[in-house]
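In: here is my input; please provide its structure:
(2 chains)
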2 protein chains.
Amino acid sequence: MRMIDLIDTKKRGGSLTAEQLHWWITSVAAGTVPDYQTASLLMAIFLRGLDADETMRLTVEMMNSGETIDLASIEGTTADKHSTGGVGDKLSFLVGPLAAACGVPVPMLSGRALGHTGGTLDKLESIPGYRTRLDTGRFIEIVRETGLSIIGQTDELAPADRKLYALRDATATVESIPLIVGSILSKKFAAGPEVLVFDVKCGDGAFLADLDSCRTLGKTLVDVSCRMGRRATAILTDMNAPLGHKVGNALEIDESIDVLRGGDGSDMMEPTFVLAAEMVFLAGAAEDREEARRKVEDALASGRALEVFRKMIEAHGGESNVLDDRSLLPRSRFRRVVKARSGGFVQAIGARAIGLASTRLGAGRERAEDAVSPGAGIEILRKRGDEVAAADPIAVMHADEEERLDAAENDVAAAWRIGPEKPSPTPPVIETIRSDRDEGGNG
Amino acid sequence: MRMIDLIDTKKRGGSLTAEQLHWWITSVAAGTVPDYQTASLLMAIFLRGLDADETMRLTVEMMNSGETIDLASIEGTTADKHSTGGVGDKLSFLVGPLAAACGVPVPMLSGRALGHTGGTLDKLESIPGYRTRLDTGRFIEIVRETGLSIIGQTDELAPADRKLYALRDATATVESIPLIVGSILSKKFAAGPEVLVFDVKCGDGAFLADLDSCRTLGKTLVDVSCRMGRRATAILTDMNAPLGHKVGNALEIDESIDVLRGGDGSDMMEPTFVLAAEMVFLAGAAEDREEARRKVEDALASGRALEVFRKMIEAHGGESNVLDDRSLLPRSRFRRVVKARSGGFVQAIGARAIGLASTRLGAGRERAEDAVSPGAGIEILRKRGDEVAAADPIAVMHADEEERLDAAENDVAAAWRIGPEKPSPTPPVIETIRSDRDEGGNG
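Out: Model prediction:
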């Protein structure tokens, strides 16, 4: 087989055969095809697309390029939630414990901060002692014991995806829906859960800003998952403003604990309940979605979700007393209040701007090799729709160096768009994309 | 400047700035940009195109990546002819001497065989002693002395084009009109002639088969040349059948000598006269195109073109007695007659099939590092429109190994499509694309 024939076919808009995709991905994993030919094919795929069969086949080949995790020893129907990434997105720390508290085992593999979005692993590592690198045996054991484990993806899972992603990142071919789907699902399929609920973030702070692309992404994620024998739903959620009131690693753990203890979850609660209830319903732990929702809300109100989170932290070597005394979480050395530039109603808070400012404060990474500062980030004092007077405090920045506060201050203040009229509310959950066979069913 | 921004701009269909193209081509020449990023940009250019300004700028940057030849010491207006490549295309050995015999100095840089097309240099090297590698000083001297010199392109001319071409060849991005134009013209501009006449081959045996693409290529070549201060015309000529009666290195030199001595040039004569007359007219050696045509025909009939060719061969160290005794040209060890599979009229002779068979016989190259066999090739005994009986000889194959004859025989026979009706003739010259300012002008 010759790589040039694959490139030539795709550049003309043709379809790659199963044999061609197998050969390509095998060659990528083995390092036997030059990067320049793979880069050329990636651009042809970016501009010409992949059909449903090609997307499915690419995903399976990337999954097969490495190890797969066997979850058979976990009793019950396993479920995972995957977010396409946003700003202040701490929903894993709410949804995971809620689903587990309803009897659904949740083996969750997560990633790190990059660009303007934070990373679940970096947030968890702000809990003193929490270990995100465990072997597969221990990972499964923790899920069996506590119902939930959140660890980092290992290098053995879908290694072809890692190579392709590095090339896509260097060749402006990241935002291709079939390539995104292949990247997400090859890892999810290798990791093994039977139920997959996708939180597809839409808006300025998300990976994809326009609703049509998000719909296509959600639908493709659900379709390919179902063809691979998974039960799956995609929930499109709003990412035009940061979620909740805190952005940053320890700051988001702090807010998550507060919510699990019954605190105000503001705009996070509706997506949290919808995502967790969908996992519970698809995993067969409720008769219908209404029952699933009631169970999930009860798991929060009863404190059972908090207990799952506590046990999971302890099983990962973390100090669970942070749940009772949040002042034990790491804090940055410096804080500075940001004031409103004018008076009126908050029309919008730019999610991408807040994400980038938070990265600049030390909470995220500009390059994969950067370290993060656990205490850095931004507290959001005034949300969309709130009334403010000029010079009212609207945010508090946290950083370990004062220069970082200086560097971020203008951008943070400018993220608040303030106008004379109170804006009408926007729904936090935009729409739900289900597989046809899950309509009214019960797994 | 970051390569990823160039790729991102082009993949979205935007235009690259002069600064970006300068930086990219400079980086390609210096080897400071990774091949995978250049490959990705090439595919984005292939699928999104380049506008007129970008094409012009790319060409100039590739020209500036290496040396340029100063032809100022040559008296008169210099002219070159460039063919996009065909099968049996020996027109350089006719057009060059004809234009030179009309007083137009012709400094011609040529290439080698690759794929199904032959190479002017390989053909010339079948003349015992002929040297195609000369330094620039000697090249100019020969043009001054004899009116014509044909040598190989040096490595110092447009080195960025050579690097890009190698990548395009490996990534299925060769047939992109702006990239073809950049590749052809960067070398032509570096080589210096003031008049450029392009022989754009159209059809099955050409690089581009469809007329629309050929028209676009011809128009772009003329437009960019004129913007660079050259006088230029593109002539679209038919390449659905091999040109003339001989295909192969020494075989084509043999046929060229025959034509220069007054022999039958069949379908080659009209494009030869049109191309040479256009050079003579654009170079200002005739008042109008009619006079140019008369001068060119007279240069052939009087034997002056043959004398130019003789002097040029001698100046390059070649044995010019081949002009008087063509049996001194190299011959292959084996010959085999190919017979018609049925009777009727020859409807078509597949040019690409003949080109590929000729390569298989040893006349061409499958890879750039292959050697060619000077005597190998195909004699065409029956042309389109000729009547044949079944088993009549239609071709003679020449090769140095009998196995090559075996390997090519079926394909050669199958190249002749024979049917019951005599086909209507096809014009050898399809159309002429001139610059607006050359309409009725006189350089």
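
In: going forward, measure contacts and count neighbours with C-alpha atoms only.
Out: Fine.

In: tell me, how many neighbours does A:Ser373 end up with?
Out: 24 (other C-alpha atoms under 10 Å in any protein chain shown).

In: quick one, what contacts it?
Out: A:Asn249, A:Ser332, A:Gly362, A:Ala363, A:Gly364, A:Ala399, A:Asp400 (C-alpha atoms under 8 Å, 6 or more residues apart in numbering or on different chains).

In: let's see 7 Å
Out: Each residue near A:Ser373 by C-alpha atoms under 7 Å, 6 or more residues apart in numbering or on different chains is listed here: A:Gly362, A:Ala363.

In: any idea which element it lies in?
Out: According to DSSP states H and E, A:Ser373 maps onto no helix or strand at all.

In: give me the pLDDT for it.
Out: Per-residue pLDDT puts A:Ser373 at 95.

In: quick check: the residue in the stretch 1-150 of chain A positioned nearest to chain B vs B:Leu6, distance?
Out: Relative to chain B, the nearest point of the stretch 1-150 of chain A is A:Tyr36 (3.7 Å; C-alpha to the nearest C-alpha). Distance of A:Tyr36 to B:Leu6, given as C-alpha to C-alpha, to the nearest Å: 16 Å.

In: nearest residue to the middle of chain A?
Out: Closest residue to the average C-alpha location of chain A: A:Ser83 at 2.9 Å, with C-alpha atoms, centre = their mean.

In: which element is the residue lying closest to that residue once chain neighbours are set aside on?
Out: Closest residue to A:Ser83 apart from its sequence neighbours, by C-alpha to C-alpha, 6 or more residues apart in numbering or on different chains: A:Asp199 at 4.5 Å. For A:Asp199, the host element (DSSP H and E) is strand A:195-202.

In: for chain A, which segments are assigned as strands?
Out: A:79-83, A:106-110, A:148-152, A:195-202, A:231-238, A:246-248, A:334-339, A:344-349, A:377-380, A:387-388, A:393-399, A:416-419, A:429-434 (DSSP state E).

In: who's in contact with A:Lys339?
Out: Going by C-alpha under 7 Å, 6+ apart, A:Lys339 touches A:Ala391, A:Asp392, A:Pro393, A:Ile394, A:Ala413.

In: contact partners for the closest residue to the last one other than its chain neighbours?
Out: So that's A:Ala413. Spatial nearest neighbour of A:Ala413, excluding adjacent residues (C-alpha to C-alpha, 6+ apart): A:Val338 at 6.3 Å. The contact partners of A:Val338, by C-alpha under 7 Å, 6+ apart, come to A:Pro393, A:Ile394, A:Ala395, A:Val396, A:Ala413.

In: now the third one: how far from chain B?
Out: Counting by C-alpha to the nearest C-alpha, to the nearest Å, the gap between A:Ala395 and chain B amounts to 33 Å.

In: and for the first one?
Out: Distance from A:Pro393 to chain B, counting by C-alpha to the nearest C-alpha: 38 Å.

In: next: the last one.
Out: Computed as C-alpha to the nearest C-alpha, the A:Ala413 to chain B distance reads 28 Å.

In: A:Leu381 too?
Out: Relative to chain B, and taking C-alpha to the nearest C-alpha, A:Leu381 is found at 36 Å.

In: OK, now which residue of the stretch 251-400 of chain A is nearest to chain B?
Out: Nearest residue of the stretch 251-400 of chain A to chain B, counting by C-alpha to the nearest C-alpha: A:Arg367, 15.0 Å away.

In: remind me which residues of chain A are low pLDDT?
Out: Low-confidence segments of chain A (pLDDT under 70): A:437-443.

In: circling back: deepest of the strands of chain A, which one?
Out: Ranked by mean neighbour count, the strands of chain A are led by strand A:246-248 with a mean of 30 (mean count of other C-alpha atoms under 10 Å in any protein chain shown).

In: correct me, but A:Ile177 touches A:Gly218?
Out: No: between A:Ile177 and A:Gly218 there is no contact under C-alpha atoms under 7 Å: 9.5 Å.

In: who has more neighbours, these two?
Out: Using other C-alpha under 10 Å, the more surrounded residue of A:Ile177 and A:Gly218 is A:Gly218, with 26 against 22.

In: show me the contacts for that one.
Out: If you count contacts by C-alpha under 7 Å, 6+ apart, then A:Gly218 has A:Val200, A:Ala234, A:Ile433 around it.

In: got the contact list for the first one?
Out: Looking back up the chat, that one is A:Val200. A:Ser83, A:Thr84, A:Cys214, A:Gly218, A:Ala234, A:Ile235, A:Leu236, A:Thr237.

In: got it, and the second one?
Out: The neighbours of A:Ala234, taking C-alpha under 7 Å, 6+ apart as the test, are A:Val197, A:Phe198, A:Asp199, A:Val200, A:Gly218, A:Val222, A:Thr432, A:Ile433, A:Arg434.

In: give me that answer again for 8 Å
Out: A:Ala234 sits next to A:Val197, A:Phe198, A:Asp199, A:Val200, A:Gly218, A:Lys219, A:Leu221, A:Val222, A:Thr432, A:Ile433, A:Arg434 when contact means C-alpha under 8 Å, 6+ apart.

In: quick check: the gap between it and A:Ser213.
Out: From A:Ala234 over to A:Ser213 the distance is 13 Å, taken as C-alpha to C-alpha.

In: before we move on, what about the first one?
Out: For A:Val200, the distance to A:Ser213 equals 10 Å [C-alpha to C-alpha].

In: give me the nearest residue to the residue of the stretch 1-150 of chain A closest to chain B, chain neighbours excluded.
Out: Among residues not flanking A:Tyr36 along the chain, B:Tyr36 sits closest, at 3.7 Å (C-alpha to C-alpha, 6+ apart).

In: repeat for A:Leu356
Out: Nearest one to A:Leu356, counting by C-alpha to C-alpha, 6+ apart, is A:His116 at 4.6 Å.

In: near chain B, which residues of chain A?
Out: A:4-5, A:7-8, A:11, A:35-44, A:47, A:167, A:170-172 (C-alpha under 8 Å from any C-alpha of the partner chain).

In: what does stretch A:245-265 rub up against?
Out: A:87-88, A:90, A:93-94, A:118, A:122-124, A:126-127, A:244, A:300-301, A:303, A:305-306, A:323, A:326, A:329-331, A:355, A:358, A:363-364, A:373-381, A:383.

In: over to it now: how far is its first residue from its last?
Out: 9 Å.

In: what comes up buried for that stretch?
Out: Of the residues in stretch A:245-265, A:245-261, A:265 count as buried by neighbour count, 16 or more other C-alpha atoms under 10 Å in any protein chain shown.

In: could you tell me the end-to-end distance of stretch A:343-358?
Out: 24 Å.

In: and for stretch A:237-254?
Out: Per C-alpha to C-alpha, the first residue of stretch A:237-254 is 23 Å away from its last.
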